[in-house]
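Chemist: Got a predicted model here, sequence first, then my questions.
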Amino acid sequence: MTLSRRHFLASGAAGTAVFGLGQFPAFAGTPAMPDWHLGYTSAPAGGFDPEPMRLVFGQEPRGLKGCLYRNGPAQFLYGKDDFGRHWFDGDGMVQRIAIADGKAVHSGRFVQTTKRRIEQANGKFMAPGFGTAGDPDFPVSGPDDVNAANTSVIVIDGKLYALWEGGSAFTMDATTLETRGVKAWSDDLAGMPFLAHPKREPDGTVWNLAVNGRNIGVYRIAADGGLESFGLLDIGKAAYIHDWAMTDRHLVILVQPWINEAFRPPVVEGFEWRPEEGFQFLIVDKNDFSIRRWAQGPARAFYHTGAAWEEADGTIRIDAALYKEPVLGVGGGVDEIRGVWQGREARFESDLTQIVIPPTGDVRLVETGLDGDFPQVDPRRHGLPCRLTALVTGQPASRPGLSGVGVHDWETGRTDSFDFGDARMAEEFLFVPKPDRQGEADSWLIGPVLNLKTGTSEICVFDAARVSDGPVCIWRGDRAWPLGFHGTWA
Amino acid sequence: MSFQPLIISTLCLAFMAPAALAGPLTVTLENIQKQTGKIRLGVYDAAGYEAGKAVSGADVVVNAATVSVTVEGLAPGEYGIKLFHDVNGDGEMNSNPFGMPTEPFAFSNNAKGRFGPAKWDDARFEVTEDGAVQAITLN
């Protein structure tokens, strides 16, 4: 068990009652962590067995049925002071919140990767990674030896996959969360990376990228999980690609001027910000990769797009959270993992932006001024025209993380948002269409929130049409899991 | 479990001084996932290890999860082994579009590489007049 404030409080109270010792000597030297550090505290190695959550607010939404799967780093510390070197390098843990008949049941399991198996056996961080130099003796025969499987999840034809970006997807049991193994989409593609941001067309076809410097592979996977095709693109330079965009007819590769020519661990140290090169966009015909064009815009950094669509004249619109320069990858959450908060830097604020790529000429940015990230759209409209983008917003001065949820309407320019305040840390919220309803706003938004007062994780549901009314309902568990990155609803 | 010893005579025999022959090098290959194709094994000395110039070698037909082969005719000295399982029998070490091997591979001493093949220092072993034994596990 990891020594954390949470566990300290729980076990310490029982200990003092039984033994009358005051404070355990072993804990006496442990500095108290701030309450928000719960979001960066290691989860139990054995995971979380299924446990019901309680409805503590509102009414359960009628007809909401399915599973919220989420992934995120959940191992930040070995022993007393072997802290992770980078937030992105923590072992992935998949959380599963099954909702049916008004009840929510949570479970969670670490993805059993090679990295995790070796590090758990040795009780220390060893694998090289995004921000970790690693132990020189840690064997690396291929990317999957250092795969943290910690970034996202997707369900294709009932099968659950834990996703990273530099290596293969891991197959997991969608119910028990048991790790089955590394996924090869075909024998020829064994060991190929599979990005953490696959895109799903409304008919269920899944597209995704494999990124290796300037070389990009493109997967097209049928709704039944079978590989339909794999193609290659050259984007001309080794830009950092975490996410991308797709319309009904085109793939759009967003080539930000954040370049890594020498991809060696710690990877983050090899990046170079080259704003003079601008922000470039490669637009590729989905049915014929030889039909492609480039567009150029002003330099921006980004992690996430919401979605994209195109108009009759070929204009492409993409919503994305853009930054004036790279953020997070640089600092890597190292302070947060150690419970240190030095405040925010204004230059790291994001701006929810619509990227407008005209049929010819330069790219135009329509900036909302809305600071937030994790943009999401109605999955029924992915690649098709849509007007609503949900995102997580609100940056309290007193702690890291985000505190609110908003829905931006691109037609009216208005943002409908709700802020939980300093005592709750909000994660990514997903659109979940209401049954038998077609409108874009006929959706719920569902996502986890870490309640710092109770020290437990919660699942919140909003009505996408009335976010500022506050949550429709909140389910609360008896335990907390660390802040994650991305999820899926299935 | 069955063993398929295979005696190899090699070109390098011709270059050996008769009195300088080492004993047999017996290599056991374990944890073979697919019982098809063959394992292509190269034996290298210090000069040829990185450059990929083998002094001897063997192709071992795979018909069990564990197979073995004996390499004879080596001079006493230090050697390293590189091998791969040619699962589809096309003679090549297949790789994915980014150049990562898609067929299992391994090195003597079960040495592991770090972003590349295992280093000579980790893979080298001594073959004496009594020969040598290597048990190599495929990944």
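Modeler: Yep, that arrived.

Chemist: what's the closest non-adjacent residue to the residue nearest the centre of chain B?
Modeler: Nearest to the mean C-alpha position of chain B, counting by CA atoms, centre = their mean, stands residue B:41 at 3.4 Å. Leaving aside its sequence neighbours, residue B:41 sits nearest to residue B:83 (CB to CB, 6 or more residues apart in numbering or on different chains; 4.1 Å). Every residue, glycine included, has its C-beta placed from N, CA and C.

Chemist: residues touching the one you found, list them.
Modeler: Counting by CB atoms under 8 Å, 6 or more residues apart in numbering or on different chains, residue B:83 touches B:29, B:39-42, B:105-107, B:136.

Chemist: so can I have JSON lines of these showing secondary structure and pLDDT?
Modeler: Compiled in JSON lines, those are given as follows (DSSP: H, G, I helix; E, B strand; the rest coil; pLDDT from 0 to 100):
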{"residue": "B:29", "secondary structure": "strand", "pLDDT": "97"}
{"residue": "B:39", "secondary structure": "strand", "pLDDT": "97"}
{"residue": "B:40", "secondary structure": "strand", "pLDDT": "97"}
{"residue": "B:41", "secondary structure": "strand", "pLDDT": "97"}
{"residue": "B:42", "secondary structure": "strand", "pLDDT": "97"}
{"residue": "B:105", "secondary structure": "strand", "pLDDT": "95"}
{"residue": "B:106", "secondary structure": "strand", "pLDDT": "96"}
{"residue": "B:107", "secondary structure": "strand", "pLDDT": "97"}
{"residue": "B:136", "secondary structure": "strand", "pLDDT": "98"}
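
Chemist: How many residues are close by the closest residue to residue A:349 other than its chain neighbours?
Modeler: Using CB to CB, 6+ apart and skipping the chain neighbours, the partner closest in space to residue A:349 is residue A:371 (4.8 Å). Residue A:371: 20 surrounding residues under other CB atoms under 10 Å in any protein chain shown.

Chemist: Would you confirm that residue A:371 contacts residue A:350?
Modeler: Yes: counting by CB atoms under 8 Å, residue A:350 is a contact partner of residue A:371 at 5.4 Å.

Chemist: Where does pLDDT dip in the chain?
Modeler: Since you didn't name a chain, this refers to chain A. The model of chain A has pLDDT under 70 over residues A:1-31, A:328-331.

Chemist: wait, chain B
Modeler: For chain B, the ranges with pLDDT under 70 are B:1-19.

Chemist: try 50 this time
Modeler: B:1-17 (pLDDT under 50).

Chemist: ok so, going back, separation between the residue nearest to residue A:349 and chain B?
Modeler: From residue A:371 over to chain B the distance is 37 Å, taken as CB to the nearest CB, to the nearest Å.

Chemist: For residue 118, the count of nearby residues, please.
Modeler: Going with chain A. Residue A:118: 16 neighbours (other CB under 10 Å).

Chemist: wrong one, I was asking about chain B
Modeler: Counted with other CB under 10 Å, residue B:118 comes out at 24.

Chemist: pretty sure it is in a helix, no?
Modeler: No: using DSSP: H, G, I helix; E, B strand; the rest coil, the assignment for residue B:118 is coil, not a helix.

Chemist: so it makes contact with residue B:107?
Modeler: Yes: counting by CB under 8 Å, residue B:107 is a contact partner of residue B:118 at 4.0 Å.

Chemist: Name the nearest residue to residue A:171, ignoring sequence neighbours.
Modeler: Among residues not flanking residue A:171 along the chain, residue A:180 sits closest, at 4.1 Å (CB to CB, 6+ apart).

Chemist: neighbours around the one you found, how many?
Modeler: Count around residue A:180 with other CB under 10 Å applied: 13.

Chemist: quick one: contacts for residue A:264?
Modeler: So residue A:264 contacts A:270, B:115 (CB under 8 Å, 6+ apart).

Chemist: Regarding the residue nearest to residue A:171, what is its secondary structure?
Modeler: With three-state DSSP as the basis, residue A:180 sits in strand.

Chemist: Could you do residue A:148 as well?
Modeler: coil.

Chemist: What segments of chain A are helices?
Modeler: A:5-19, A:25-28, A:114-122, A:334-337 (DSSP state H).

Chemist: Grab the nearest non-local neighbour of residue A:473.
Modeler: For residue A:473, the spatially nearest residue (CB to CB, 6+ apart) is residue A:58, at 3.5 Å.

Chemist: Name the residues of chain B found near chain A, please.
Modeler: B:94, B:96-98, B:100-102, B:105, B:112-115, B:139 (CB under 8 Å from any CB of the partner chain).

Chemist: Buried only: go through those residues for me.
Modeler: Buried by 16 or more other CB atoms under 10 Å in any protein chain shown: B:96-98, B:100-102, B:105, B:112-114, out of these.

Chemist: Report the closest residue of the stretch 201-350 of chain A relative to chain B.
Modeler: Taking CB to the nearest CB, chain B has its nearest neighbour within the stretch 201-350 of chain A at residue A:212, 4.5 Å off.

Chemist: Contacts only, for the closest residue to chain B within chain A.
Modeler: The nearest approach of chain A to chain B comes at residue A:139, 3.0 Å away (CB to the nearest CB). Residue A:139 sits next to A:145, B:112-114 when contact means CB under 8 Å, 6+ apart.

Chemist: which residues sit in contact with the residue nearest to residue A:453 when sequence neighbours are not counted?
Modeler: Spatial nearest neighbour of residue A:453, chain neighbours left out: residue A:423 (5.0 Å); criterion: CB to CB, 6+ apart. Residues counted as contacts of residue A:423 (CB under 8 Å, 6+ apart) are A:451-453.

Chemist: any idea how far residue A:423 lies from residue B:46?
Modeler: Distance check for residue A:423 against residue B:46: by CB to CB, to the nearest Å, it reads 65 Å.

Chemist: about what we covered before: next, the contact list for the residue nearest to residue A:473, please.
Modeler: Contacts of residue A:58 by CB under 8 Å, 6+ apart are A:461, A:471-474.

Chemist: quick one: which of the residues you listed has the most company?
Modeler: Counting neighbours by other CB under 10 Å, residue A:461 comes out on top of these with 24 neighbours.

Chemist: these two touch, right, that residue and residue A:469?
Modeler: No: using CB under 8 Å, residue A:461 makes no contact with residue A:469, being 11.8 Å away.

Chemist: and the gap between the residue in chain B positioned nearest to chain A and residue A:312?
Modeler: The nearest approach of chain B to chain A comes at residue B:112, 3.0 Å away (CB to the nearest CB). From residue B:112 across to residue A:312, the span is 56 Å (CB to CB).

Chemist: Ok, residue A:42 next?
Modeler: In terms of CB to CB, residue A:42 sits 52 Å off from residue A:312.

Chemist: Find residues that contact each of residue B:118 and residue B:107.
Modeler: With CB under 8 Å, 6+ apart as the test, residue B:118 and residue B:107 both reach residue B:80.

Chemist: For the residue nearest to residue A:349, give me its contacts.
Modeler: A:349-352, A:393, A:395.

Chemist: Mind putting these into JSON lines with distance to residue A:254?
Modeler: Shown next, in JSON lines, are the contacts of residue A:371 (distance: CB to CB, whole Å):
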{"residue": "A:349", "distance to residue A:254": "19"}
{"residue": "A:350", "distance to residue A:254": "15"}
{"residue": "A:351", "distance to residue A:254": "15"}
{"residue": "A:352", "distance to residue A:254": "15"}
{"residue": "A:393", "distance to residue A:254": "22"}
{"residue": "A:395", "distance to residue A:254": "24"}
